[in-house]
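K.L.:
Next come a sequence and a model predicted from it.
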Amino acid sequence: MEKTIALLEPANLTFIVTDACNYDCVYCPQKKENLYMNAPLIEKALDFFYPFLKKDRCFITFYGGEPLLAFDQIKHTVLYIGGKNKNHEKDIHFSMTTNGSLLDDDCIEFLNQHQFSLMLSFDGLAHEIGRQTQSFDAMVEIIKDMRHYPGIELSTNSVFTPETVEYLSLSIQSIIKLGIKEPKLTLSTVNEWTDVDLLKLNDQLNDMRDFLVAHYRETGAIPLSDFRPKEKDKKSMFGCAGAKDRLAITPEGKLWGCFLFSDFFKDKTGTLEYQKYFLGRLEDFIENYQAILEKQVPNYQSLYQGSFYTDESFCFACEEVEECKTCPVNAALSGSILLGKIPLWICKINKLMKTVRGEFLKHIQITSEGSA
Ligand code: SF4
Ligand code: SF4
């Protein structure tokens with residue numbers, strides 16, 4: 001089988017090992033069918049994709065539902081690809097996003113041994129509002145405990161909704177104070193943010209900005225990646241990386257350019273949109289991957305900020321276009337179709353984030369392109 005390096009060289013291969021979850025977070029857009037990946041599918045996927053994986057640095061990512069419900073499948077994947085890569089032909093890393101509730105000693109030892117990057121879904125002070133009760137203290141204990149496992153690179157993802165936005169600033173502050181170096185801040189796009197919600201968000205972001213300024217002056221660090229200055233030469237327009245440098249495989253063996261597409265299209269099978277992005281079932285992909293990629297990759301490539309629009313304007317005509325990074329699937333979650341239409345309230349959030357980031361950089365006297 002001939003390899004098409006230009007088209008198939010994933011730097012990230014995501015295994016959605018299950019779509020089941022033991023939590024029921026209010027903002028979770030996933031549709032759960034309690035499906036689990038099986039060992040033959042894992043082996044077939046790795047047998048095929050291993051030769052194509054990006055050589056320098058690539059990630060095998062585990063995603064759910066809650067992936068640790070399928071810990072046996074995760075172990076099998078890690079050990080099976082370890083057998084293939086015993087000569088370290090590829091620089092393979094493992095990563096996972098988890099709600100943390102199933103992290104027992106055996107599991108943590110395994111993740112430590114295989115040097116996982118672990119992203120904990122942790123909403124700080126809002127944790128028990130959108131998730132399970134009595135889970136906040138457990139999460140803090142997990143974060144403290146992880147200091148004893150140097151093989152695990154720990155980060156957090158905190159999701160805020162209009163209902164929990166008033167906890168945003170203090171939550172991010174407390175997570176940074178717990179020692180998390182790269183916390184991720186996510187604003188849920190499942191439900192609309194009203195103008196009143198956006199005013200609250202503005203207050204919270206300003207409060208967080210003041211904390212980040214003080215933190216920078218004390219430590220020299222900017223923990224939130226979205227607040228860092230861009231490297232001068234890397235000023236370019238955001239585009240969806242789906243199917244370009246990443247692929248995702250579902251528990252039933254369906255292939256997508258990114259795990260978010262699999263969630264989004266779960267109840268839209270057979271629609272015209274579905275057909276534009278679906279990369280086929282694994283066995284069909286193995287047979288026809290060149291033709292499938294040639295046909296579908298341009299559809300993913302057409303999802304870039306300059307092609308998006310709102311009810312009021314086109315992004316290409318907006319002066320913020322190089323600052324905005326709108327995931328088209330997230331933008332479509334609140335009900336629109338996946339054509340790059342951005343609800344006005346997401347556009348307003350983007351502008352708010354840009355303003356606060358600009359003010360932050362001004363306070364610490366760095367221009368947005370990185371020079372002091
Ligand atoms: S823009 Fe969204 S859908 Fe595209 S690769 Fe990024 S996260 Fe996935
Ligand atoms: S601020 Fe709004 S209109 Fe401008 S690029 Fe971003 S989403 Fe598009």
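P.N.:
Good, I have the coordinates. Ligands and ions are numbered 1, 2, ... in the order given.
K.L.:
Can you name the next helix or strand after the helix or strand bottoming out on mean pLDDT in the chain?
P.N.:
Here the helix or strand of the chain ranked lowest by mean pLDDT, DSSP states H and E is helix 127-130, holding a mean of 68. Counting by DSSP states H and E, the next helix or strand C-terminal to helix 127-130 is helix 136-145.
K.L.:
which residues make contact with that next one from outside it?
P.N.:
100-101, 103, 108, 120, 122, 125, 127-128, 154, 156, 178-180 (Cβ atoms under 8 Å, 6 or more residues apart in numbering). Just so you know, the C-beta spots here come from the backbone N, C-alpha and C atoms, and that holds for glycine as well.
K.L.:
ChimeraX command to pick out the buried ones of these?
P.N.:
Buried members of the contacts of helix 136-145, defined by 16 or more other Cβ atoms under 10 Å, are picked up in ChimeraX with:
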select :100,101,103,108,120,122,125,127,154,156,178,180
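K.L.:
ok, which pair from the contacts of helix 136-145 is furthest apart?
P.N.:
Across the contacts of helix 136-145, no pair lies farther apart than Ile108 and Leu125, at 24.9 Å, counting by Cβ to Cβ.
K.L.:
Now the helix or strand containing Ile176: average pLDDT?
P.N.:
Element membership for Ile176 (DSSP H and E) is helix 168-177. Mean pLDDT, helix 168-177: 94.
K.L.:
How about the contacts made by Cys58?
P.N.:
With Cβ under 8 Å, 6+ apart, Cys58 has these contacts: Pro10, Ala11, Asn12, Leu13, Lys90, Asp91, Ile92, His93.
K.L.:
please redo it, this time with the cut-off set to 10 Å
P.N.:
Cys58 sits next to 9-13, 49, 52, 90-93, 245-246 when contact means Cβ atoms under 10 Å, 6 or more residues apart in numbering.
K.L.:
What separation do you get for it and Leu212?
P.N.:
Distance, Cys58 to Leu212, by Cβ to Cβ, to the nearest Å: 32 Å.
K.L.:
looking at this, Glu287 is in a helix?
P.N.:
Yes: the assignment for Glu287 (DSSP: H, G, I helix; E, B strand; the rest coil) places it in a helix.
K.L.:
For burial, what's the neighbour tally of it?
P.N.:
12 (other Cβ atoms under 10 Å).
K.L.:
With Glu141 instead?
P.N.:
11.
K.L.:
Take the contacts of Cys58 and keep only those in strands.
P.N.:
Using DSSP state E to define strands, the subset of the contacts of Cys58 located there is Asn12, Leu13, Ile92, His93, Arg246.
K.L.:
Name the helix or strand for Glu294, please.
P.N.:
Secondary structure from DSSP H and E places Glu294 in helix 282-301.
K.L.:
near ligand 1, anything from that helix?
P.N.:
No: if you take Cβ under 6 Å from any ligand atom as the test, helix 282-301 misses ligand 1, and the best it gets is 7.4 Å.
K.L.:
right, and the helix or strand after that helix?
P.N.:
Sequence order places helix 328-332 as the next helix or strand after helix 282-301, per DSSP H and E.
K.L.:
Export that following helix to PDB, keeping only CA atoms.
P.N.:
C-alpha atoms of helix 328-332 as PDB (Å, rounded to 0.1, in the frame of the first residue of the first chain):
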ATOM      1  CA  PRO A 328     -17.000  26.000  13.800                       C
ATOM      2  CA  VAL A 329     -18.400  22.900  15.500                       C
ATOM      3  CA  ASN A 330     -18.700  24.700  18.900                       C
ATOM      4  CA  ALA A 331     -20.400  27.600  17.100                       C
ATOM      5  CA  ALA A 332     -22.900  25.300  15.500                       C
END
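K.L.:
How about that helix and ligand 2, touching?
P.N.:
No: using Cβ under 6 Å from any ligand atom, we find that helix 328-332 stays clear of ligand 2, coming within 8.5 Å at best.
K.L.:
Show the secondary-structure elements that that helix is packed against.
P.N.:
helix 259-264, helix 344-363 (3 or more Cβ pairs under 10 Å, 6 or more residues apart in numbering; DSSP states H and E).
K.L.:
which parts of the stretch 251-372 of the chain sit against ligand 1?
P.N.:
Cys258, Leu260, Cys327, Val329.
K.L.:
Make CSV out of the residues you listed and add neighbour count and pLDDT.
P.N.:
Putting those into CSV (neighbours: other Cβ atoms under 10 Å; pLDDT from 0 to 100) gives the following:
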residue, neighbour count, pLDDT
Cys258, 22, 96
Leu260, 22, 93
Cys327, 17, 90
Val329, 23, 91
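K.L.:
For these, name the two members farthest from one another.
P.N.:
Cys258 and Cys327 (8.9 Å).
K.L.:
and for the two, which residues touch both?
P.N.:
Joint contacts of Cys258 and Cys327 (Cβ under 10 Å, 6+ apart) are Cys240, Ala241, Gly242.
K.L.:
Could you measure from the closest residue to Tyr50 other than its chain neighbours over to ligand 1?
P.N.:
Leaving aside its chain neighbours, Tyr50 sits nearest to Lys84 (5.1 Å; criterion: Cβ to Cβ, 6 or more residues apart in numbering). According to Cβ to the nearest ligand atom, to the nearest Å, Lys84 and ligand 1 sit 26 Å apart.
K.L.:
near ligand 2, which residues of this protein?
P.N.:
So far as Cβ under 6 Å from any ligand atom goes, the chain lies against ligand 2 at 305, 308, 310, 313, 315, 318, 320-321, 324, 326, 342, 347, 350-351.
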